[in-house]
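Engineer: have a look; sequence and predicted model below, questions after that.
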Amino acid sequence: MITFENVSKKYPDGTVAVAGLSLEAPDAAITVLVGPSGCGKTTTLRMTNRLVEPSDGRILIDGADSRSRPVAQLRRGIGYVIQHAGLFPHRTVAENIATVPRLLGTDRRAARKRAQELMELVGLDLAYAERYPHQLSGGQQQRVGVARALAADPAILLMDEPFSAVDPIVRKSLQEQFLQIQAEVGKTILFVTHDIDEAIRIGDRIAVLREGGHLAQFATPRELLEKPADAFVEEFLGLDRGIRRLTFIPSNGLTLRADALVKPGVELSAAQLDLPWLLRLDEAGRPVGWVEPTRPEETPIPIGHPFTAHDDSLRAALDAAVLCPTGWAVGVDGEGRAVGVVSQEEIAAAIRAAHQATLEDAR
Amino acid sequence: MIAASVFDLPSYVQSSFLGLIVTQLEVSLGATLAGLVISLPIGQLCSRLPKFYPPVLGLVTVIYSIPSIALFVLLIDITGETETTVFIPLTLYTLAILVPGVVDGIRSVPPNVLDAANGMGYGRVRRYLTVELPIALPTLMAAVRVAAVSSLSLMSIGATIGNYGGFGDLFILGLRVFDSKLIWLGLISLLVLSVLCDLLLRWVQRLLTPWARTLRSVG
């Protein structure tokens, strides 16, 4: 657990980076510090491993003042991941990962073995072990950065915009993989980002900071979206707060209708002819596209993307329905076979029902 | 044996061909090494406290512009007609190349690499020796190569205060006895030696920086 007790950072020129911050980052959870530039989120992170010394207040790590230990010893016990990874260009991938174990005196062979374990954990082919960082892609470099931070098995991990420098597709896969790794290792993580979407996707708890280093709100992602503390947080969350909130509502309340599914070679029933749209399937039961019952031989309209029935959130279902010109979303199972379809109107009803349930809970 | 006769020097040269090579390498490479030892702390200081760099750069450039003859005259009262009198000016001249080489090398270390090193718990000395210096090496070695080759050529003037010019001795004697063959021999030998030295230093650089080898191919 990392505890910030009334921590401030004031620079000699009078700039206040962090003003009286009190915060508790719980064990085995990801606490995200998010805010616009100049809100002191990076300074806060860097004060944790004393790359920046606080001018006031204390930071406790598992109850002990961070200043009670020699600074090098403190830092070797805290994993540190930064933007662009900051890998040593003159050392191989394996040597980079083995850095902190080597600093702690682990012998070469054991450190190397550890590096290999970590390469497997972060999903890097062992063939990269002898490559140099510049021979890797940005996403691979960032994986090495994460592996390096985890090498000495620290209880705490500090991550400063670790996924900001890669393209959106790589970023999404790094985030997903990072959450899988965290599920496995359960570190106490402080994660800095300027991207509220990333914060909501990754954070167990989110601290929203505003300019001048003030804490605007500290809450779970769902609380943040449902009850922003003030106008600043509301604006920072953006205009699609309502849509994003649907991420936290499961789609298992939706009733998927199977009567609109048409398998190849099966005659249409009389009831199906009354439906506005029918979903053509292939031999394996995967959706092909939408056709009108009156003109079944026309080129099917693409479905856009399906959502995974029961597992995906209402947001995914709504997006699928909004995306498709027919206004219908296709629910599929784990293998991509169509389970049933649901209309925008039915999804809207499910959203209203979820709101109703929340209101009743509150009463 | 034509080859042998070319390298058999007249007796007034007072040194064998091999002897000239030894003096040449000893003094110029020694001066480069001494210059490097002096430049490393100065360069480190200048990169840590950037306001010192312009005056320091100015100073080493001014030193470089002092004619070596003038320095010999000043030094000869203290160190006499010895190798040291040649060695000291050569060493000072290398600073004009090596100090900027060290500073540029240290500046070539990416800031986020230093940040990562600090964050992982490197001490200052360890960070300098195992992170900064190795990363600075390609830039630094380029400067060392220029300094070494320039010293090889500059030291010829040492012939003016005795037999301390290496192949430069052949230039002075050739001039004195009107033997252009000696001058050509000295010149060509010096050129060949300079090229060999540069190749050797390039090879050393490749050995020390295996990581930089792949850098260029990737771009």
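Structural biologist: Received the coordinates, thanks.
Engineer: helices or strands next to whatever helix or strand residue A:200 lives in in the packing?
Structural biologist: Counting by DSSP states H and E, the element that carries residue A:200 is helix A:196-202. Helices and strands touching helix A:196-202, by 3 or more Cβ pairs under 8 Å, 6 or more residues apart in numbering or on different chains; DSSP states H and E, are strand A:30-34, helix A:168-185, strand A:188-193, helix A:221-226. All C-beta spots, glycine's among them, are computed from the backbone N, C-alpha and C.
Engineer: closest one to residue B:207 among those?
Structural biologist: Using Cβ to Cβ as the measure, helix A:168-185 is the one of the helices and strands packed on helix A:196-202 that comes nearest residue B:207, at 35.7 Å.
Engineer: can you name every helix or strand that that closest one contacts?
Structural biologist: helix A:108-121, helix A:138-150, helix A:196-202.
Engineer: export the ones you listed as a markdown table, with columns for mean pLDDT and mean neighbour count.
Structural biologist: Shown next, in a markdown table, are the helices and strands packed on helix A:168-185 (pLDDT from 0 to 100; neighbours: other Cβ atoms under 10 Å in any protein chain shown):
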| stretch | mean pLDDT | mean neighbour count |
| --- | --- | --- |
| helix A:108-121 | 95 | 17 |
| helix A:138-150 | 95 | 24 |
| helix A:196-202 | 92 | 20 |
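Engineer: where along the chain do the helices fall?
Structural biologist: Chain wasn't specified; assuming chain A. For chain A, helices defined by DSSP state H occupy the ranges A:41-48, A:71-76, A:93-97, A:99-103, A:108-121, A:138-150, A:168-185, A:196-202, A:221-226, A:231-237, A:241-245, A:270-273, A:314-323, A:344-362.
Engineer: my question was about chain B, not that one.
Structural biologist: Here chain B has its helices, by DSSP H, at B:2-7, B:17-48, B:53-65, B:68-79, B:83-107, B:111-119, B:124-127, B:133-154, B:168-176, B:180-208, B:210-218.
Engineer: contacts only, for residue 11.
Structural biologist: Since you didn't name a chain, this refers to chain A. residue A:17 (Cβ atoms under 8 Å, 6 or more residues apart in numbering or on different chains).
Engineer: again, but for residue A:219
Structural biologist: Per Cβ under 8 Å, 6+ apart, neighbours of residue A:219: A:205, A:206, A:227, A:229.
Engineer: residue A:186 now?
Structural biologist: Here residue A:186 is in contact with residue A:28 (Cβ under 8 Å, 6+ apart).
Engineer: what does residue A:313 give?
Structural biologist: Counting by Cβ under 8 Å, 6+ apart, residue A:313 has contacts A:246, A:247, A:248, A:249, A:250, A:251.
Engineer: now rank those residues by neighbours and give me the top one.
Structural biologist: The residue in the contacts of residue A:313 with the most neighbours, by other Cβ atoms under 10 Å in any protein chain shown, is residue A:251 (25 neighbours).
Engineer: verify the stated contact: it with residue A:306.
Structural biologist: No. Residue A:251 is beyond contact range of residue A:306, at 11.5 Å (criterion: Cβ atoms under 8 Å).
Engineer: shared neighbours, the two?
Structural biologist: residue A:331.
Engineer: still on that earlier bit, in CSV: the helices of chain A, plus distance to residue B:75.
Structural biologist: What follows is those, written out as CSV (distance: least, Cβ to Cβ, whole Å):
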stretch, distance to residue B:75
helix A:41-48, 52
helix A:71-76, 46
helix A:93-97, 47
helix A:99-103, 47
helix A:108-121, 50
helix A:138-150, 53
helix A:168-185, 63
helix A:196-202, 66
helix A:221-226, 75
helix A:231-237, 70
helix A:241-245, 78
helix A:270-273, 106
helix A:314-323, 82
helix A:344-362, 90
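Engineer: which stretch in those helices has the least confidence?
Structural biologist: When the helices of chain A are ranked by mean pLDDT, helix A:270-273 comes last with a mean of 82.
Engineer: need the contact partners of it.
Structural biologist: By Cβ under 8 Å, 6+ apart, helix A:270-273 touches A:259, A:260, A:262, A:278, A:293, A:294.
Engineer: repeat that with 6 Å
Structural biologist: With Cβ atoms under 6 Å, 6 or more residues apart in numbering or on different chains as the test, helix A:270-273 has contacts from residue A:293.
Engineer: can you pull the residues of the stretch 101-250 of chain A lying near chain B?
Structural biologist: Residues of the stretch 101-250 of chain A lying near chain B by Cβ under 6 Å from any Cβ of the partner chain: A:103, A:132, A:134.
Engineer: tell me the one among the contacts of residue A:313 nearest to chain B.
Structural biologist: Nearest to chain B, judged by Cβ to the nearest Cβ, of the contacts of residue A:313 is residue A:247 at 32.6 Å.
Engineer: compare the helices and strands packed on helix A:196-202 and give me the one nearest residue B:159.
Structural biologist: Between residue B:159 and the helices and strands packed on helix A:196-202, the shortest gap by Cβ to Cβ is with helix A:168-185, which sits at 64.2 Å.
Engineer: contacts for the closest one, please.
Structural biologist: Helix A:168-185 is contacted from outside by A:139, A:163, A:201, A:202, using Cβ under 6 Å, 6+ apart.
Engineer: follow-up on the earlier one: what's the closest of the residues of the stretch 101-250 of chain A next to chain B to chain B?
Structural biologist: residue A:132 (4.6 Å).
Engineer: number of residues surrounding the closest residue to the closest one other than its chain neighbours?
Structural biologist: The shortest distance from residue A:132 to any non-neighbouring residue, by Cβ to Cβ, 6 or more residues apart in numbering or on different chains, is to residue B:211 (4.6 Å). A total of 22 residues lie near residue B:211 under the criterion other Cβ under 10 Å.
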